[in-house]
Structures are given as C-alpha cells and as structure tokens.
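> just the structure for this:
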Amino acid sequence: MPDSLSDLAPLPQGSPQLRRLTIGAAAVITLLGTIGTALSPWLLVHMPLMLVALSPDVRHLVLVAAAADFLPVLLVSEPRRAAGLLAMYGIGWFYGPVALAWFEQQAPRFGGVLRWCERQFARFGAPLLIVFPMYTFGALAGAARTRFRVFLPAMLAGQAVYITTSYYFGDAMRGWTKPFLAFLGEHVVAATAICVVAVALQQGWSRLRKRSTEPSLE
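A predicted model of the protein is given here:
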C-alpha cells in the first residue's frame, strides 16, 4: 500500500500541478491542525482566534465560546474549514475511489463508517454536506464528481451550521468552561507542555503503527 496520497495513481484528469497543489494544501492544513492542537492551552488562553484559525475542531470551538465573540470566530473559522473541505474535494476528484480506499487503509477501524458515508452520499448527494459537514464528505463529493457550483454553496452552508452549533453549545456551557479557562490560565505553561508531548507521542505512535502494519496491507 502506498505511504502517502502523492504515491497513489491519479485518475486521468486534471493537471499534475493542480494535483500537487491539492496534496500540498491537504498536508499544510493537517500540519496546521496538529500545531493548533499541540499549542491549544496557550492559544486558548492568549489567542483564542488563532486557535480556531489553526484547528477549528468542535472541541476548540466549544471552548473558545467562553473567550471570544461569535462573529470573529465565524469569520476566522469558516475560511479555514472551507479550505480543508476544498482540499478533500480535490483529493476525491483527482483520485476517486482509490483515495477512499487509501483513507480506509489508514484507519481500518473506521472503514465501515466510511463506506456508510459513501452509500449515504450516493443516495442524497450534496445536501448531506449541510447535515454532515465533515471533511470526509468533501472527499466523497469529489469522488462522486459533484459539480463544483453545487458543492461550494452546500459546503459553505454546512460549515456555517457546524461552527454556529459548536459555538452556541459552548456558549451554553460557559458555567463550566469559564472556570476551566481560569484554571488553564493559571497553569498554561505546564498544560501546553503536556499537550505538546501528548501530540508528539500520538504522532510517533501513529507512524510506528503504520510501519508495523505495512506488510499486511500489501
């Protein structure tokens, strides 16, 4: 099994330059998310908008609701999440079912979920991007040859729903998250160090496990 998406054989469409740009964008977005997660305690206390600019995941959006207003969070998070969905759409478009098979090999435990998502997208199409605004559905949209003018508005609407729902859930949880942020502010250096080590260990373990399973995937 190839080690990376760039090793996969693309479908005979699109320029090599655009394919490389898509893979590069996906790699950069993944790296930014990893950095944001590793530095999340410090960013949450001192630069909450930078946190959601790097890693606008639901857990960060929920916590940031106690530290920043909704509109700035939306304006920062929407382009960042849209960029991730666009990169995944491009990967699905250029590599099709081969890319989906590669994703499944990278996370075999979620293979059934991926195939379920694939069946649902084949049945309902682009509107599912509003109901399930996940990166996986961006790749499915590309692999299903969804027209870009259909994909884009559905994707943007879905991300707005995702961010709004996450933020206002966090806003409703302020009674719990405010004390947590205060505690985090008092121990931000230690908390950040622990988070950096945890992310480094997770990344190292992920790579080690992938290498150990490579022979069985061939």
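> count of neighbours near Arg115?
12 (other CB atoms under 10 Å). In short, each C-beta sits where N, CA and C put it, glycine included.
> now do Ala200
Residues contacting Ala200 under the criterion other CB under 10 Å number 12.
> verify the contact between it and Ala38 for me.
Yes. Applying CB atoms under 8 Å, one finds Ala200 in contact with Ala38, separated by 7.4 Å.
> dihedrals phi and psi, Leu39?
As for Leu39, its main-chain torsions (degrees, to the nearest 10) stand at phi -100, psi 10.
> which residue is the nearest non-sequential neighbour of it?
Thr192 (6.2 Å; CB to CB, 6 or more residues apart in numbering).
> my read: Thr22 touches Gly90, true?
Yes. If you go by CB under 8 Å, Thr22 and Gly90 touch, sitting 3.6 Å apart.
> who has more neighbours, the two?
Legend: neighbour count by other CB under 10 Å for Thr22 and Gly90, higher for Thr22 (25 against 22).
> check contacts around the residue nearest to Leu39.
For Thr192, the contact set (CB atoms under 8 Å, 6 or more residues apart in numbering) comprises 39-42.
> what is the nearest of those to Glu186?
Ranked by distance to Glu186 (CB to CB), the contacts of Thr192 are led by Pro41 at 11.1 Å.
> point to the residue nearest the middle of this structure.
By CA atoms, centre = their mean, the chain has its centre lying nearest to Tyr135, at 5.6 Å.
> I'd like to know how far the residue nearest to that residue when sequence neighbours are not counted sits from Met155.
Excluding the flanking residues, the one nearest Tyr135 by CB to CB, 6+ apart is Met88, at 4.9 Å. Per CB to CB, to the nearest Å, Met88 is found 10 Å from Met155.
> what sits in contact with each of these two?
Counting by CB under 8 Å, 6+ apart, the shared contacts of Met88 and Met155 are Gly138.
> pull the residues that contact the worst-scoring helix or strand of the chain on mean pLDDT.
Lowest by mean pLDDT, DSSP states H and E among the helices and strands of the chain is helix 111-124, with a mean of 74. Applying CB under 8 Å, 6+ apart, the contact partners of helix 111-124 are 100, 103-104, 128, 132, 134, 136-137, 140-141, 144.
> reformat these as TSV; add pLDDT.
Output for the contacts of helix 111-124, formatted as TSV (pLDDT from 0 to 100):
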residue	pLDDT
Leu100	70
Phe103	67
Glu104	66
Leu128	86
Phe132	86
Met134	86
Thr136	82
Phe137	84
Leu140	85
Ala141	87
Ala144	81
